[in-house]
Structures are given as C-alpha cells and as structure tokens.
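**Student:** sequence? don't have it. structure:
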C-alpha cells in the first residue's frame with residue numbers, strides 16, 4: 001500500500017483499491033481507514049476506485065507530537081489528492097472526517113472534487129455556545145479527555161457501545177465487531193486521541209459551508225448520541241446550498257456498521273448522479 005508524505009514530512013498510510021471513478025473515504029475518531037470495510041467492498045464491486053487513509057496520529061500513519069488541527073488535516077487530504085493525481089474525486093467523510101472535507105474545500109477549493117457526502121458528521125459546529133444552543137457542552141469533551149488520561153482502554157470499550165447504540169437499536173452489532181473497533185481505536189496515538197477531541201469538538205465549520213459549491217449529501221441518524229443531529233446534520237443541510245439530507249430514523253452514530261446496506265445504497269445512488 002502506498003505511503004504519501006504530507007507537506008511537513010509525516011508519512012500517511014493510504015490504501016488505493018479498484019479502478020474507476022475515485023472515491024476517498026475519510027474515517028472518524030478514534031478509528032482508522034479500515035472502519036469503512038462494508039462500504040469499501042460495496043464500492044469496489046460497483047466499479048469505483050476506493051481510497052482510504054489513516055489520519056495522522058491514527059492507525060499506521062505517523063504519530064507526531066503535534067499538528068492535530070483541521071488546517072493540517074485538510075492539507076493532508078490535499079497532499080493525498082495531489083500525490084495520487086486525482087481529479088473529479090468524490091469525498092465521503094464520517095464524523096470528524098466531515099471536517100476534513102469542509103476545511104479542504106475552504107483552503108483548497110473544489111476544482112478537483114466532484115461531490116461530497118457528510119455521514120454522521122461534526123459539520124458545521126458541535127460545541128454548545130450561545131449562538132449554537134443545540135450543541136454539546138464543553139464539559140462533555142473535558143470529561144472524555146479526563147477518562148482517556150485515566151484509562152484510555154476502558155474508555156474506548158465503553159465509548160464503542162454508545163457509538164453503535166448498543167441496547168438502543170433493534171439489531172445491535174456483534175461483540176466481535178466491538179472488539180474490532182477497540183483494536184482499531186487503540187492503534188491511535190494517545191496524544192492524537194486527546195487532541196482530536198479538541199479539534200472535532202471545538203472547530204467551527206460554519207464559515208466553511210459557503211465553500212460547498214458541489215453536490216452534497218448529508219446522512220445522519222436521529223438517535224446519534226455521539227454527534228447529535230440538530231447542530232450537525234440538520235444544520236449542515238440547512239447551511240449548504242442545494243444539499244440533500246437523509247435522516248436514518250433510530251440509527252446511532254456508527255451507522256456505517258448498524259445500517260451498512262442502506263448506507264451503501266444511498267452512497268451508490270448519490271455517486272451515480
């Protein structure tokens with residue numbers, strides 16, 4: 001699998017699979033590009049070139065001591081697009097991965113991007129403030145950081161159950177999938193795990209919304225307890241001109257695994273437009 005060196009020299013682990021129109025799948029916190037297993041297989045079989053990568057600090061990419069902010073993340077995405085000589089690429093971002101898309105478009109423009117999909121995304125703004133009353137209170141993120149510093153492994157196991165809505169959905173994920181999620185999550189740098197909470201929790205992407213000048217699909221679960229739909233999915237769809245919003249009734253945050261067939265079908269329909 002190729003390695004793309006970011007502009008600051010950090011090696012980024014990239015998987016480039018299949019042939020056809022290119023799609024980059026951008027993973028969420030605290031996972032790796034492998035979280036897209038269900039979608040990667042479906043897209044390759046449908047005739048797409050699928051590219052996944054591990055965000056800096058996660059998986060097999062470099063684990064530097066700093067640089068975990070969305071300007072750097074967006075530049076990493078730009079470096080991958082440029083290194084692979086991509087054009088007319090479709091971008092699909094899950095959770096904090098939606099932030100890469102928003103910041104990429106505002107920093108680098110949409111000339112190489114054909115369309116974008118935000119899945120359970122943190123865009124446009126997750127933090128609760130006076131001008132964002134439906135957001136998540138800052139103390140929630142502070143508590144997450146404190147728990148990670150105390151016992152990162154215990155936190156990640158508990159977090160995964162909320163992530164997938166275990167006990168809330170009619171067909172909860174298997175214990176084996178929870179184990180797999182834990183394995184992906186513990187591959188991350190502890191520093192990146194902590195710093196990215198600040199990045200996805202406190203970055204205001206509302207000014208970036210005007211840069212979505214391409215067809216945009218927003219997919220979000222109504223039972224998402226990790227990234228609530230009101231300040232994110234619904235607000236993104238309202239703030240992006242021409243965006244299409246699909247709400248998955250009763251689905252939790254990790255709908256790539258709890259509703260993979262539906263997500264695959266919606267993505268394939270969108271990509272074929």
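**Tutor:** Perfect, thanks for sending it. Everything numeric in this text was worked out from a predicted model, so none of it was measured.

**Student:** and the longest helix along the chain, what does it pack onto?
**Tutor:** Ranked by residue count under DSSP state H, the longest helix found in the chain is helix 138-163. Applying 3 or more CB pairs under 8 Å, 6 or more residues apart in numbering; DSSP states H and E, one finds that helix 138-163 contacts helix 175-186, helix 190-202. The way it works is simple: take the backbone N, C-alpha and C, and place the C-beta from them, glycine included.

**Student:** can you give me the buried ones in the first one?
**Tutor:** Using 16 or more other CB atoms under 10 Å as the burial criterion, the residues of helix 175-186 that qualify are 177, 178, 180, 181, 182, 184, 185.

**Student:** over to the last one?
**Tutor:** If you call a residue buried by 16+ other CB under 10 Å, then helix 190-202 has these buried ones: 192, 193, 194, 195, 196, 197, 199, 200, 201.

**Student:** any figure for the gap between the fifth one and residue 56?
**Tutor:** The gap separating residue 196 from residue 56 is 10 Å, by CB to CB, to the nearest Å.

**Student:** what about the strands in the protein?
**Tutor:** For the chain, applying DSSP state E gives strands covering 3-5, 11-17, 22-26, 49-53, 89-94, 113-119, 216-221, 244-248.

**Student:** mean pLDDT for those strands - can I get that in TSV?
**Tutor:** Output for the strands of the chain, formatted as TSV (pLDDT from 0 to 100):
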stretch	mean pLDDT
strand 3-5	96
strand 11-17	98
strand 22-26	99
strand 49-53	98
strand 89-94	98
strand 113-119	98
strand 216-221	98
strand 244-248	98
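
**Student:** rewinding a little: pipe the buried residues of helix 190-202 into a markdown table and attach pLDDT and distance to residue 38 per row.
**Tutor:** A markdown table is the format used below for those (pLDDT from 0 to 100; distance: CB to CB, whole Å):
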| residue | pLDDT | distance to residue 38 |
| --- | --- | --- |
| 192 | 98 | 25 |
| 193 | 98 | 24 |
| 194 | 98 | 29 |
| 195 | 98 | 28 |
| 196 | 98 | 23 |
| 197 | 98 | 26 |
| 199 | 98 | 26 |
| 200 | 98 | 23 |
| 201 | 98 | 27 |
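
**Student:** closest one of the residues you listed to residue 252?
**Tutor:** Using CB to CB, residue 200 is the member of the buried residues of helix 190-202 that lies nearest residue 252, at 17.1 Å.

**Student:** was I right about the closest one contacting residue 96?
**Tutor:** Yes - here residue 200 reaches residue 96: they are 3.8 Å apart, a contact under CB atoms under 8 Å.

**Student:** give the contact list for the residue nearest to residue 23 when sequence neighbours are not counted.
**Tutor:** Nearest in space to residue 23, with sequence neighbours left out and distances taken as CB to CB, 6 or more residues apart in numbering, is residue 90 at 4.6 Å. Neighbour list for residue 90: 21, 22, 23, 24, 113, 114, 115, 116, 117, 271 [criterion: CB atoms under 8 Å, 6 or more residues apart in numbering].

**Student:** of those residues, closest to residue 245?
**Tutor:** Each of the contacts of residue 90 was scored against residue 245 by CB to CB, and residue 117 proved nearest at 11.3 Å.

**Student:** let me see the contact set for that closest one.
**Tutor:** Going by CB under 8 Å, 6+ apart, residue 117 touches 90, 91, 92, 93, 216, 217, 218, 219, 267, 270.

**Student:** pull out the buried residues from these.
**Tutor:** 90, 91, 92, 93, 216, 217, 218, 219, 267, 270.

**Student:** correct me, but the third one touches residue 24?
**Tutor:** Yes - look at residue 92 against residue 24 with CB under 8 Å: they come within range, at 7.0 Å.
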